[in-house]
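# everything below, folded, please.
(2 chains)
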Amino acid sequence: MKRRHRLLLFAFGAVGIAFVYCAGALNMPAWGQYRGPYGDAIARLAVYQRHATDTVNAVTYDYRGFDTLGEEFILFSAVTGVMLLLRPEKQRAGEKKNQEGGNPASFRDRAALSETVQVFTTAIFGFSLMFGIYMATHGQLTPGGGFQGGVLLAAAPMLLYIAENTEAFQRIVSHPLVEFFEGAGAAGYALIGIAALTMGAAFLTNVIPLGMTGDVFSSGTIAAISACVGVEVAAGFTLIVYGYLREILSRAAREGQ
Amino acid sequence: MPSPALLVAVPLIVAALLGALRKLIPRWVADLAAVLTAAGNLAIACWWMAHALHRTQVYWFGGWFPRGRMALGIGFTMDGYGCGLAALAALLTTLALIFSWKHFESAGGHFHPLMLVFLAAMSGFAVSGDIFNLFVFFELMSTAAFALCGLKTQEPAPLAGAFNFAVTNSVAAFLMLTGIALLYSATGALNLAQIGLALEGRHDRLVIAAFAFLTTGFLVKAAEFPFHFWLPDAHSVSPTPVCVLFSGIMVQLGLFGAMRVYATVFQGCFAGTGVPWLFVAIGAVTALWGGMMCFAEHHLKRLLAFSTISHTGLMTLAFGVWTKAALAGLFVYLVAHGLVKAGLFFCAGILLHRFETMSEPALFGKGRSLRWTAPLWFLGGLGLAAAPGFALWAGETHVTDGAPWAEAIFFIAGAMTGAAVLRVGLRVFAGLGDAGPVDRSAKVDEKPETTDAGRRLSPVLYAPAVVCVGGCMALAFWKGTMRVAEAAAASFMDFRGYAHMVYAGAIVVQQPVAPHDLLTRGIISAVLRALAAVAVALWAVLHLRVPRELRWPSHLEGPMRPVRELQSGHPGDYVAWLTLGCAVVGVAALWLGL
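Below you'll find the predicted structure:
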């Protein structure tokens, strides 16, 4: 199909979809006419039933925790997919020998890096780690949680890369334990659900004591699941970075030959 | 009593552990763990199906029982239809994993985790009673499928096929999400029963727009015309075990999603309107289009993919008929088609393993040495034509009961797809006629997917195909098939009973269904259809000396340039068609439903 025809076809379709959408949206309840009793109910119930002051996390990790299990595994399979698509050339061809590519440092434009950046990124490496851990463990109290904390944790090694500490960066991201933690974090979520089954409750029932509202160790499984998700997300994003880096290196090594 | 949560949780846990330890555990452990997990899912799904046929079972995650009419958490509603599909998904996954036992390239240990995640998503999708949960499993299914589709990364084609698949299905997911948001704005609910009760049969523009977006989203996964373009591209590049799952169950689950949402949310809204005819029209066009394209193909996996499109179109047509008998027939047809199609893909996988090509001309006459594959392939071809003795025939008879126009469409689509498969069989296994025309798709070079390609065939390659084809025939002869299907269809259509079970868990007394004996009446058309399929296949292969104008099978096999160019492989084209199709569905629904 020619580009012009494609655009024409799409334009007709887009106008039609816009028409249907507007027809529907104009029928929506008027502004301010909130019809969802669910939000009101959860806002009242969450602190009382689950000792969680952040109701969003109470919904994602408890009331609708089964959805989040699915979401977590969407990330798991996406990471597995990236690793699969970017697996080293040799491994793809079915050969045993695994040839390491070049050095990531050779891809950095050395001249572009100022000393300020180098010092500053190294300095906030520790803060980034700490903030990530704080986020992942305080999801039940304040906005945040495992997903957000995990991404922050995964950002820490990148700071090392920016700071040109490439050796430490590569040691972290290529560590075999990263892959283990990715799977273990994902499995941990489902295993917490199974734990409830062994006690005769429904899957993902909050069976851990709820503790004091406002305490770090409160709200039962919400905190535990949040921590598991944090581990999974941090390891997953690190794996993705590693996969892309390995691909770039091997491509550069091929071009260099 | 096994918890239904295990259907999802166990495959996910095993997948995560296999992924975490993929460098440490030997291949046979991964194979064994995956096969046992899938077989366990099959057992659990069958167990729940046996119970669900008596009454729909409801399971609330986290113990969040609804408060009044408000569902706080997520519920599974296990009815006969959903559990049956979960069982089919588990059976096909088990067989696909057995097929890939030891020989199949495992892509550095990533293959097994992805297959198990895929299984978990399909199982959850089949029995979920929550619209957002359906969406989550739709997405999980897609993510695993995209990665599995691009498994053979040493070639550029798989990446292109997986990319087209990912782009079109992501657009579908956006459409679905829009539909869910519109419904939520009107009802404040995500539980299917709660939404259905809150709408109380209103069918204003908001409901119709939500219906159009949700249905389009599901129909993209179901590969209905004009949303089907991604499917042949994805199938031609996917490894055999993945093709089995795509064609045997994933596409049909897309249709099932549309059916489930229709039965619970929209059934009351559109009762007495012409909206179901929309499905009939889409299904009929898809069935005929798929049948035509199927006959024109010469790449075996693409050919089978187009046949899947055609048969899923027939199922969509059956859904649009929306009677108890039609839905019962649809259930049998879906299961039987899944088995036959899986059997044919396994046979194609054996050919690929042995001869390292999927092109019909290149395989010409080579299959003569395969004594076991040939009969399975021919039986599969007859099965696709819904010949007597295959369960597709029983299903078809119930769908077309009293609707000669539907019978005509089933006849043409069944005969065309059956004839295409038989034609391949005659050329490859019998070496009749000549090698047939060489077209672009037949020239696609296919790399072997097994580590010891070309060598002897082990029983693990045959056994799954035998089970599939044999199972489809056994279903036709088992007396209980139609009875089970009719019970499943009756509870599937009964929204009042469904909502009652969700809220009260009370027993719903179902009207006993009068046993049908349609098979004796339908046998004539079934025999005729099988004969027509054989005749067309022979006609195409032997190049009978008839006037040029009468040699239409050869013409259909020929270049067909303008039609084939629609299947351009450009994701932009596919999305443009998708957009136009969604708009047509929306406008038609507004016209029919208001």
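# alpha carbons only for contacts and neighbour counts from here, please
OK.
# quick one: the one helix or strand B:Met49 maps to near chain A?
Applying DSSP states H and E as the criterion places B:Met49 in helix B:27-52. No: if you take C-alpha under 8 Å from any C-alpha of the partner chain as the test, helix B:27-52 misses chain A, and the best it gets is 14.1 Å.
# other SSEs contacting that helix?
Where contact means 3 or more C-alpha pairs under 8 Å, 6 or more residues apart in numbering or on different chains; DSSP states H and E, helix B:27-52 is packed against helix B:6-20, strand B:75-78, helix B:80-99, helix B:111-127.
# ok, and the closest non-adjacent residue to the residue most central in space within chain B?
Nearest residue to the geometric centre of chain B (C-alpha atoms, centre = their mean): B:Gln252, 3.1 Å. Computed as C-alpha to C-alpha, 6 or more residues apart in numbering or on different chains, the closest residue to B:Gln252 that is not its neighbour in sequence is B:Ala222, at 5.9 Å.
# from B:Gly257, how far off is the one you found?
As judged by C-alpha to C-alpha, to the nearest Å, B:Ala222 and B:Gly257 stand 9 Å apart.
# one more: B:Ala126?
Taking C-alpha to C-alpha, one finds B:Ala126 at 8 Å from B:Gly257.
# what of B:Gly108?
As for B:Gly108, its distance to B:Gly257 is 33 Å (criterion: C-alpha to C-alpha).
# so the two - more neighbours on which side?
Neighbours of B:Gly108 and B:Gly257, each counted by other C-alpha atoms under 10 Å in any protein chain shown, are more numerous for B:Gly257; the result is 26 against 17.
# which helix or strand contains the spatially closest residue to that one that is not a sequence neighbour?
Leaving aside its sequence neighbours, B:Gly257 sits nearest to B:Phe218 (C-alpha to C-alpha, 6+ apart; 6.1 Å). Element membership for B:Phe218 (DSSP H and E) is helix B:205-221.
# buried residues, stretch A:139-148. List them.
For stretch A:139-148, a neighbour-count test (16 or more other C-alpha atoms under 10 Å in any protein chain shown) marks A:Gly139, A:Gln140, A:Leu141, A:Thr142, A:Gly144, A:Gly145, A:Gly146, A:Phe147, A:Gln148 as buried.
# which one of those sits closest to B:Gln567?
Among the buried residues of stretch A:139-148, A:Phe147 lies closest to B:Gln567 (C-alpha to C-alpha), at 39.8 Å.
# pLDDT score assigned to the closest one?
Looking at A:Phe147, its pLDDT reads 91.
# could you do A:Ala105 as well?
Listed pLDDT for A:Ala105 reads 54.
# swap in B:Val10?
On pLDDT, B:Val10 comes in at 95.
# and the one 5 residues further on, by the same measure?
Reading off the confidence values, B:Ala15 has pLDDT 95.
# enumerate every residue touching the residue of the stretch 1-150 of chain B at minimum distance from chain A.
Proximity of the stretch 1-150 of chain B to chain A (C-alpha to the nearest C-alpha) peaks at B:Gly62, 3.7 Å away. Shown in contact with B:Gly62 (C-alpha atoms under 8 Å, 6 or more residues apart in numbering or on different chains): A:Asp62, A:Tyr63, A:Gly65, A:Ala201, A:Ala202, A:Phe203, A:Leu204, A:Thr205, A:Asn206, B:Gly73.
# ok, those residues vs B:Gln567, which is closest?
A:Gly65 (41.2 Å).
# need the helix or strand of the chain with the lowest average pLDDT.
No chain specified, so I'll use chain A. Between all helices and strands in chain A, the lowest mean by mean pLDDT, DSSP states H and E belongs to helix A:89-92, at a mean of 52.
# chain B was what I was after
Per-SSE averages on chain B (mean pLDDT, DSSP H and E): minimum helix B:552-557, a mean of 67.
# mean confidence (pLDDT) on the helix or strand hosting the residue nearest to the centre of chain B, please.
Per DSSP H and E, B:Gln252 falls inside helix B:251-261. Per-residue pLDDT over helix B:251-261 has a mean of 95.
# the next helix or strand along the chain from that helix near chain A anywhere?
Using DSSP H and E, the helix or strand that follows helix B:251-261 in sequence is helix B:267-270. No: figure legend: helix B:267-270 not in contact with chain A (C-alpha under 8 Å from any C-alpha); closest approach 14.9 Å.
# how about the strands in chain B?
B:57-60, B:75-78 (DSSP state E).
# single out the most deeply packed of the ones you listed.
Compared across the strands of chain B, strand B:75-78 shows the largest average neighbour count, a mean of 26 (mean count of other C-alpha atoms under 10 Å in any protein chain shown).
# so what's the gap between that one and the chain middle?
Strand B:75-78 has its average C-alpha position 22 Å from the chain's average C-alpha position, going by C-alpha atoms, centre = their mean, to the nearest Å.
# residues in contact with it?
With C-alpha under 8 Å, 6+ apart as the criterion, strand B:75-78 contacts B:4, B:48-49, B:52, B:56-61, B:127-130, B:191, B:502.
# at 6 Å what do you get?
Contacts of strand B:75-78 with the rest of the structure, by C-alpha atoms under 6 Å, 6 or more residues apart in numbering or on different chains, involve B:Thr56, B:Gln57, B:Val58, B:Tyr59, B:Trp60, B:Val127, B:Ser128, B:Gly129.
# swap in stretch A:70-89?
For stretch A:70-89, the surrounding residues in contact (C-alpha under 6 Å, 6+ apart) are A:Gly243, B:Leu140, B:Ala144, B:Ala147.
# closest to B:Arg202 among the residues you listed?
Of all the contacts of stretch A:70-89, B:Arg202 sits closest to B:Leu140, with 32.0 Å by C-alpha to C-alpha.
# if I look at the nearest residue to B:Ala263 once chain neighbours are set aside, how far off is A:Ile192?
In this structure, B:Ala263 finds its nearest non-sequential neighbour in B:Met493, 5.9 Å apart by C-alpha to C-alpha, 6+ apart. Per C-alpha to C-alpha, B:Met493 is found 36 Å from A:Ile192.
# next: B:Tyr59.
Distance from B:Tyr59 to A:Ile192, by C-alpha to C-alpha: 18 Å.
# A:Glu232 too?
Using C-alpha to C-alpha, we find A:Glu232 at a distance of 14 Å from A:Ile192.
# how about stretch B:266-280: buried residues?
By neighbour count with 16+ other C-alpha under 10 Å, stretch B:266-280 contains the buried residues B:Phe266, B:Gln267, B:Gly268, B:Cys269, B:Phe270, B:Gly274, B:Val275, B:Pro276, B:Trp277, B:Leu278, B:Phe279, B:Val280.
# and if you look at stretch B:374-389?
Neighbour count says stretch B:374-389 has B:374, B:376-389 buried, by 16+ other C-alpha under 10 Å.
# grab the CA positions of that stretch and hand them over as PDB.
Extracted in PDB, the C-alpha atoms of stretch B:374-389 (Å, rounded to 0.1, in the frame of the first residue of the first chain):
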ATOM      1  CA  ALA B 374       0.800 -38.800   6.100                       C
ATOM      2  CA  PRO B 375      -2.400 -40.400   7.500                       C
ATOM      3  CA  LEU B 376      -2.500 -37.900  10.400                       C
ATOM      4  CA  TRP B 377      -2.200 -35.000   7.900                       C
ATOM      5  CA  PHE B 378      -5.000 -36.400   5.700                       C
ATOM      6  CA  LEU B 379      -7.200 -37.000   8.700                       C
ATOM      7  CA  GLY B 380      -6.600 -33.500   9.800                       C
ATOM      8  CA  GLY B 381      -7.600 -32.200   6.400                       C
ATOM      9  CA  LEU B 382     -10.800 -34.100   6.500                       C
ATOM     10  CA  GLY B 383     -11.400 -32.900  10.000                       C
ATOM     11  CA  LEU B 384     -11.100 -29.300   8.900                       C
ATOM     12  CA  ALA B 385     -13.700 -30.000   6.300                       C
ATOM     13  CA  ALA B 386     -15.900 -31.200   9.200                       C
ATOM     14  CA  ALA B 387     -16.300 -34.600   7.700                       C
ATOM     15  CA  PRO B 388     -18.400 -37.200   9.600                       C
ATOM     16  CA  GLY B 389     -16.500 -38.800  12.400                       C
END
